[in-house]
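>>> can you look at this prediction? I've put the sequence above it.
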Amino acid sequence: MASLTQRMLGAAKLDAATYEEIEADTTATPQAMLVVVLASVASGVGVLRAVGVGGLLMGALASLIGWYVWAFITYFVGTRFLPGPKTQADMGQLLRTIGFSAAPGLIMVLGVIPGLYRPLFVVATLWMLVTMVVAVRQALDYESTGRAVAVCVIGLIFRLVVLVLLSKLLGLPLDGAP
């Protein structure tokens, strides 16, 4: 079994075997949650001057809620509306694989360097979307990447709605940028 760091690197490198290992390891859900929190904290550290410690903590909470919502919607859409012929998954598999797909978000800590936050935000967001497609393809046993993209886009729309509502409710900036 790979270490947390090895799994995070494998997930960030889009390694399908890493996602298969994570999917099968029912004890990896706390690790997946930790990856989501670490990515959120890295993003918050990048804009700590703008959001403060309270904003950083609220951002971590919002990320955890967003992770769960995205995994739930992805599970529901992927197993009920767009299942493949081999699709067989449970909520835990989606929570684990999607959680590890947040690993590229750790680069956001470099946002403390003046002028880097916004470009890093774009790069990290796109990278995490790509890793999520791989995570979903593996967790839902899809033969088609296109089907995984469709499920991720539908899940993303719902997640964005939840994040916008949470941001407004908690008074956080939508992109966290100063």
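Looks like it arrived, so ask away.

>>> only C-alpha atoms for contact and neighbour calcs from this point on.
Noted.

>>> and for stretch 131-141, what's in contact with it?
Under the contact criterion CA atoms under 8 Å, 6 or more residues apart in numbering, stretch 131-141 has outside partners 11-12, 14, 16, 19-20, 23, 74, 78-79, 83-84, 86-89, 93-94, 97-98, 101-102, 143-145, 147-149, 152.

>>> buried residues in the longest helix belonging to the chain?
For the chain, the helix with the greatest residue count under DSSP state H is helix 48-76. In terms of neighbour count (16 or more other CA atoms under 10 Å), helix 48-76 has its buried residues at 48, 50-51, 55-76.

>>> then stretch 6-14?
For stretch 6-14, a neighbour-count test (16+ other CA under 10 Å) marks 7, 8, 9, 10, 11, 12, 14 as buried.

>>> flag the helix or strand of the chain with the lowest per-element mean pLDDT.
helix 48-76 (a mean of 81; mean pLDDT, DSSP states H and E).

>>> packing partners of it?
Under the contact criterion of 3 or more CA pairs under 8 Å, 6 or more residues apart in numbering; DSSP states H and E, helix 48-76 touches helix 29-46, helix 91-100, helix 145-170.

>>> in TSV, list those along with mean pLDDT.
Formatted as TSV, the entries for the helices and strands packed on helix 48-76 read as follows, by pLDDT from 0 to 100:
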stretch	mean pLDDT
helix 29-46	90
helix 91-100	97
helix 145-170	85
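
>>> what's the most buried one of these?
Comparing these by mean neighbour count (mean count of other CA atoms under 10 Å), helix 91-100 comes out on top with a mean of 27.

>>> what angle separates that helix from helix 29-46?
Angle of helix 91-100 versus helix 29-46, following axes from the mean of the first three to the mean of the last three CA atoms, to 10 degrees, is 30 degrees.

>>> only alpha carbons, please: show helix 91-100 as CSV.
Extracted as CSV, the C-alpha positions of helix 91-100 are listed here (Å, rounded to 0.1, in the frame of the first residue of the first chain):
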residue,chain,number,x,y,z
MET,A,91,-20.4,6.6,-2.1
GLY,A,92,-17.1,5.8,-0.2
GLN,A,93,-15.3,5.1,-3.5
LEU,A,94,-16.3,8.5,-4.9
LEU,A,95,-15.4,10.3,-1.7
ARG,A,96,-11.9,8.7,-1.6
THR,A,97,-11.1,9.2,-5.3
ILE,A,98,-12.5,12.7,-5.6
GLY,A,99,-10.8,13.6,-2.3
PHE,A,100,-7.4,12.7,-3.7
